[in-house]
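Engineer: quick one, fold the following:
(chains A and B)
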Amino acid sequence: MASTLDEEIEDLQTKVSSLRKQIRIHTSTLITAPSTRLLLTEEEPATPSLTLPRADNDKSGSGISDSSIKQKLVFQSALQQAHNQQCLYRACASITTFRVRDPDPHAVDGGAILGLRIEVVSRAKFLRPYYVLLNRPYPGPGGSRHLRVHRHTLPPCIPLAGLAGRYLPAPTVGAEKSGSSGRQDGDAGATRAPQKQDLARFARALRREVVRYHHRLGIIADLKKAAGLGRTSSGLGESSERQRQPAALVDISPADAEAKQLTIEWADGRTGRLVMGDDGEILKLVVVGENGRDREAGRDLLGGAVRVEDVVKRLAAFV
Amino acid sequence: MPRLSVPTTARLPSSLRVDPSHPTATKILGRLSRSSLLTVALDWLDDSNLPLAQPFLRGDEEYEEELEDEDADGLYPPARSVEEVRDVYSSFQGRKGSKREVLERITDGDWRHGLTLYQLAMADLQYLYDHPTSQQWSAYRVVPLKPPRDPEGEEALEVDKQSLAIPRFHPSTFLKTLQAQVLPDVKAHYNFDAHKSLPLLLLRIFILDSPYSTNLGLQTTTTGTTTTTTTTGFDASRTVYIAFPDASPHIFISKPQTTTTTTTTTTITLSSSSSYSSSSGPSGGGGGESKSLRTLLLEGIPKALSRPLQRQRFTLQATKLVTRNLAELVARRGGGRTNAAAGGWSVYADDDEKDPKRKNETPLDLVLPLPVSPPLSSSSAASSFLEEGEDEGGKKRAVVVGPLPLSAGERREERVRKRARLVAQARFGDTAKVGDGKGVERVDVVLEDAFPQGPGESVAVEEEEEQDETYDRDRAGRSARAGRKSQVDAALERAEEEEDDDDDDEGGGGRREEQPAQVWRPNVRLTFHGSHVFAGIRQLVECGIIDGERMPGWMTGEEGVTIGAVRHGRIRGHKGSGL
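Structural biologist: As a prediction, the model looks like this:
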């Protein structure tokens, strides 16, 4: 009895949440519809005379005065428009920036933070974006505008530290201030040369790494699919059937953090390692069987392919 | 067993059998619960593990004569087949009974001829799964080794291809090279295992202070004279765990024991029986030896990771995160997004697929996101009630179930409380909740800030600090953990030194140092203890005991360190960004 009641409650709650979601979707479309916007903006001077537009968006009780509702709606509409614009930028421009405030009362630079949002599209879907939050911790006239990575959500396989060192070097304030002797030195000039920070190039290089990484992951998934190694449960019977043929592949998986190396396993116990470059070009392939290196199997697998995508095509043609 | 035993650098074979009555074997098995013992026993009997965990069967010719000596139908008659043994343990699982019954069945019955090192390793790992906080782990970062720099020279970030390289790790190669680093008079048994729930690869290293890689080292021969001498060698053996998180250039190393020999109660020995501590008396020097063993390991691991032929050499760098909680380590130093976005920044990092509150996931979703913390306004009372019930336990329920008419004072109080919770949400994000299982149990911080001149500056925090300080002193006095304390001190001092370097680099901090020295800098060291330190701080913020808006950032745990020095209100050096 109690269980059925609980189930019923759960059922109703899911219904409520789905309805609420629908309301929000409808609100967001209605409020930015051109006609609604027209009503909201045009009636501004003639607010007291007209009460009709309220009927369109009548959500709550009629006890509240029209003008306050209207103000709310205008505010909401502005919010929604801003959000829409942000979404448009994010969808088209893959790297967007935003500003946040560090809640830490001791934060440098008054807690001002510049956020980079890197969009990643994989399998026709936007993934959760990666964020890099930059602050300006360097005081003084020389480095006040220099940025530094404060927080980020990039996985450790993205060489963020190296990229930051390359494109966002810290200012060498000490050398500049300590005296003119260091500055007149030829070496000092050379070390100061890369001091200029280039946020745009940093963001571009970072995004490039992120996208490459996701492409590599994607291609490994493609390889698996082409070799018939899907993670679906239906493949169970199929795989046992496949394992009877010794030349069948039984496992393809990334072997390192950057997904640049692949472990390939055959049904007869041969194992291989495929190394690909940053952009998916095949650098090396080694297949080791029982009697040492098995060059033939490697040639079989590659068939003159230079990119991993070609291997995917070959495998797909086989299966 | 060969007649002649020659010391070699080879590792101990997994199939080496230990006498089940041996103190170490009984210790490892004895601390498992009944259900875990049964799980382990059935695991041993699994087809994949069977070659290394053969039970004692009737058909064994090897032990046939032994059997005839004994009473063939004793308490535990040997089974005919593995299936029979399997059935016995499965039937144990079905009914209730004592742990002793299972233990005796294992040691006196089915494995009376000895437990292999592999079996012991499995049992030990089972203990680790049962008691995930039984080990204290330190996180290390694998960084490319650079040639030693001129100490006077500027520490500029090397801009080359190397700085973009991510260290790679291959288990069997690693093991082979690690073995080469270990001295021949020390024997070790290695066992890899993938962690059951976390993305980790665990390496258990069982170290034996014996030059023999045969049974001699384990001293299963019962010649009376050698018994006493070699038992100490076996008891001085230590277990070290190394955990390799997937897709992360970090390594977690468990601490085999404390540095001082007087307090050998850190990891394994914590729950050991008194028989062990009494027998460890004669091998008092063993502590120092295994300390050096640990340093040996610490030196050996980066070398084992390195591949000099490809000019890739690595070194380990401590990351000031020491905890017993592996889940926290994986979150802070793992392969995910949360490494450098802890505390309030976790709103940018939540990658949980199941979380319905995930924000602005895709730009194609035009629905306006809900306000960041919707607990009280937009979502219904019922849902927030449920959420709070899950999050904070029973205490908060009374707060939420309150649409009752309130007086003005109550309403103000309610608003303050609401505000405090919003602030807590802003400062901590979705982290530091009591039930999230990612708690650190100890945080050490040294404050190096000048004493605030005006009365306005962070008074609440100061009070909090003093309380903690006295608490810490009490605790230190009570438990007399001198060795532990000094170790922390050393770590903090190291942190301080690093801070100095750091300040020199930045110049800004250095300038402040040049201020007149009459600024009083009290030496304040804080230690937070608890099962989940930052969840505790969050609760204090939610209750309004700590002013969440003026609380410094390091109290939210967003730096991801457990040892640190605070200057200008921030933990310096690491800065949380992991760079």
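Engineer: wait, does stretch B:198-211 contact chain A?
Structural biologist: No: Stretch B:198-211 stays clear of chain A (CB under 8 Å from any CB of the partner chain), getting no nearer than 11.4 Å. C-beta: built from backbone N, CA, C; applies to glycine.
Engineer: pull the CA atoms of that stretch into CSV?
Structural biologist: This file holds the C-alpha atoms of stretch B:198-211, laid out as CSV (Å, rounded to 0.1, in the frame of the first residue of the first chain):
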residue,chain,number,x,y,z
LEU,B,198,36.9,4.5,-8.8
PRO,B,199,38.9,5.0,-12.0
LEU,B,200,42.1,3.8,-10.5
LEU,B,201,44.7,1.2,-11.0
LEU,B,202,46.0,-0.1,-7.6
LEU,B,203,49.4,-1.5,-7.3
ARG,B,204,50.0,-3.3,-4.0
ILE,B,205,53.7,-3.8,-3.1
PHE,B,206,54.4,-6.2,-0.4
ILE,B,207,57.9,-5.7,0.8
LEU,B,208,59.9,-8.4,2.4
ASP,B,209,63.3,-7.7,4.0
SER,B,210,64.8,-10.9,2.8
PRO,B,211,67.2,-11.7,0.0
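Engineer: so for that stretch, mean pLDDT?
Structural biologist: Over the span of stretch B:198-211, the pLDDT mean works out to 78.
Engineer: which helix or strand contains residue A:11?
Structural biologist: In this structure, residue A:11 sits in helix A:2-32 according to DSSP states H and E.
Engineer: from the contact counts, what lies against the next helix or strand after that helix?
Structural biologist: For helix A:2-32, the following helix or strand on the C-terminal side (DSSP H and E) is helix A:34-42. With contacts defined as 3 or more CB pairs under 8 Å, 6 or more residues apart in numbering or on different chains; DSSP states H and E, helix A:34-42 has these neighbours: helix A:53-56, helix A:66-93.
Engineer: quick one: contacts for the spatially most central residue of chain A?
Structural biologist: Centroid-nearest residue in chain A: residue A:129, 3.1 Å away (criterion: CA atoms, centre = their mean). Residue A:129 is in contact with A:90, A:117-120, B:360, counting by CB atoms under 8 Å, 6 or more residues apart in numbering or on different chains.
Engineer: then residue B:250?
Structural biologist: Contacts of residue B:250 by CB under 8 Å, 6+ apart are A:156, B:139-142, B:319, B:333-334.
Engineer: from those residues, which land in helices?
Structural biologist: Residues from the contacts of residue B:250 lying in helices, with DSSP state H as the criterion: residue B:333.
Engineer: most surrounded residue in the contacts of residue B:250?
Structural biologist: Within these, neighbour counts (other CB atoms under 10 Å in any protein chain shown) peak at residue B:139, which reaches 28 neighbours.
Engineer: the strands in the chain, which residues?
Structural biologist: As the question left the chain open, I've gone with chain A. A:95-101, A:112-118, A:121-122, A:125-126, A:130-135, A:148-152, A:249-254, A:261-266, A:271-276, A:282-289, A:292-293 (DSSP state E).
Engineer: look at chain B instead
Structural biologist: Going by DSSP E, chain B shows strands at B:17-18, B:115-116, B:137-144, B:187-194, B:200-208, B:238-245, B:250-254, B:314-323, B:442-447, B:524-529, B:563-567, B:570-571.
Engineer: buried sites along stretch A:104-116?
Structural biologist: Using 16 or more other CB atoms under 10 Å in any protein chain shown as the test for burial, stretch A:104-116 gives A:104, A:106-108, A:113-116.
Engineer: any low-confidence regions in the stretch 51-200 of chain A?
Structural biologist: In the predicted model of the stretch 51-200 of chain A, residues A:51-65, A:140-143, A:172-195 satisfy pLDDT under 70.
Engineer: rewinding a little: out of the strands of chain B, flag the one nearest residue A:196.
Structural biologist: Among the strands of chain B, the nearest to residue A:196 by CB to CB is strand B:137-144 (25.3 Å).
Engineer: adjacent strands (with direction) for that closest one?
Structural biologist: strand B:250-254 (antiparallel), strand B:314-323 (antiparallel) (DSSP bridges).
Engineer: got the phi/psi numbers for the residue in the stretch 51-200 of chain A positioned nearest to chain B?
Structural biologist: Nearest residue of the stretch 51-200 of chain A to chain B: residue A:106, at 2.7 Å (CB to the nearest CB). Backbone geometry at residue A:106, expressed as degrees, to the nearest 10, gives phi -100, psi 10.
Engineer: quick check: the closest residue to it other than its chain neighbours vs residue B:445, distance?
Structural biologist: Using CB to CB, 6 or more residues apart in numbering or on different chains and skipping residues adjacent in sequence, the residue nearest residue A:106 is residue B:569, 2.7 Å away. Relative to residue B:445, residue B:569 is positioned 12 Å away (CB to CB, to the nearest Å).
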